[in-house]
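Participant: Here you go, sequence then predicted model.
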Amino acid sequence: MPLLIEIRDLVKVYEMGDVQVRALDGVSFTVETGEFVAIMGPSGSGKSTLMNLIGCLDTPSSGTYRLNNHEVSRLDDDELARIRNREIGFVFQTFNLLSRASALENVEVPLVYAGVPRQERHRRAKEMLAMVGLGDRMHHQPNELSGGQRQRVAVARALVNNPSLLLADEPTGNLDSRTGDEIMVLFDELNRKGNAIVLVTHEEDIARHARKVVRLRDGKIVEEQRRQESPDPPSVS
């Protein structure tokens, strides 16, 4: 399979007064097109820093990062913003939905930034909400939805621009175990349809959905484990 992500010798150093903190220390790995990868590690291992770099929210101190044939390691803030909006869909632990906007309006947000006309925004947002099973909830505000439904809205929003990569940061962290299982079933379905997913998690049962698990400790990769087959999704009936 062609490579979607190619990271080589990535280093990120933060200046904390007179002290340098090496959050990432020579990280190298790849993600194939359509692959499902989990990034794991204890607190302080560097996984949040790596997530920010993969998501083009920050730039490395050294090393290279290629995303879908774009060398993004040295782009300026405006160029990074364009890459983010075009190539990456984000799913956060806290959903990050606009509280006074409907589910439909929340899903439309990336399309507004992309300059998509209103009628086309409506069409694509409705299509995405139907795909995640919320076609009958599109006019509800977040406080009228369950936690699992809010996360489904967030997934629809992440996918509405047809990004190359779905980037999920602890997507089940604020959900009970049953609802978390339902969200992971949705992720499995999206991956089977060809969506590449990189997921940060500290939960082993969540990471088992991925075909590859990258484990970090002290800013370095200590293990990269590949599974031949994704497991069958758990039943949520």
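Facilitator: The structure has been received and is ready for your questions. Here the structure is a predicted model, which means the values were calculated and not measured.
Participant: Let me know the average pLDDT across the host helix or strand of Ser48.
Facilitator: Assessed by DSSP states H and E, Ser48 sits inside helix 47-54. Confidence for helix 47-54, expressed as mean pLDDT, is 92.
Participant: just the strands in this structure please.
Facilitator: Secondary structure of the chain, counting by DSSP state E: strands at 3-16, 19-32, 36-40, 62-67, 70-71, 88-92, 165-169, 196-200, 212-217, 220-226.
Participant: now for the ones you listed, which one comes closest to Pro142?
Facilitator: Closest approach to Pro142 among the strands of the chain (CB to CB): strand 88-92, 13.1 Å. No exception for glycine: its C-beta is placed from N, CA and C like everyone else's.
Participant: Assess the claim that Glu71 and Thr64 are in contact.
Facilitator: Yes: judged on CB atoms under 8 Å, Glu71 makes contact with Thr64 at a distance of 6.7 Å.
Participant: ok, the two, which is more surrounded?
Facilitator: Legend: neighbour count by other CB atoms under 10 Å for Glu71 and Thr64, higher for Thr64 (15 against 11).
Participant: ok, Pro171 - how many residues close by?
Facilitator: 27.
Participant: now it: how far from Ala23?
Facilitator: Here the criterion is CB to CB, to the nearest Å. By it, Pro171 lies 22 Å from Ala23.
Participant: got it, and Pro163?
Facilitator: Computed as CB to CB, the Pro163 to Ala23 distance reads 25 Å.
Participant: So between these two, which is more surrounded?
Facilitator: Remark: of Pro163 and Ala23, Ala23 carries more neighbours, 23 against 20, as counted by other CB under 10 Å.
Participant: per-residue pLDDT, that one?
Facilitator: 94.
Participant: before we move on, the earlier item: nearest to Val109 among the strands of the chain would be which one?
Facilitator: strand 88-92 (11.2 Å).
Participant: That closest one pairs with which strands, parallel or anti?
Facilitator: Here strand 88-92 is paired, per DSSP bridges, with strand 165-169 (parallel).
Participant: The partner strand versus strand 19-32: what angle between them?
Facilitator: Here strand 165-169 points in a direction 140 degrees away from that of strand 19-32 (axes from the mean of the first three to the mean of the last three CA atoms, to 10 degrees).
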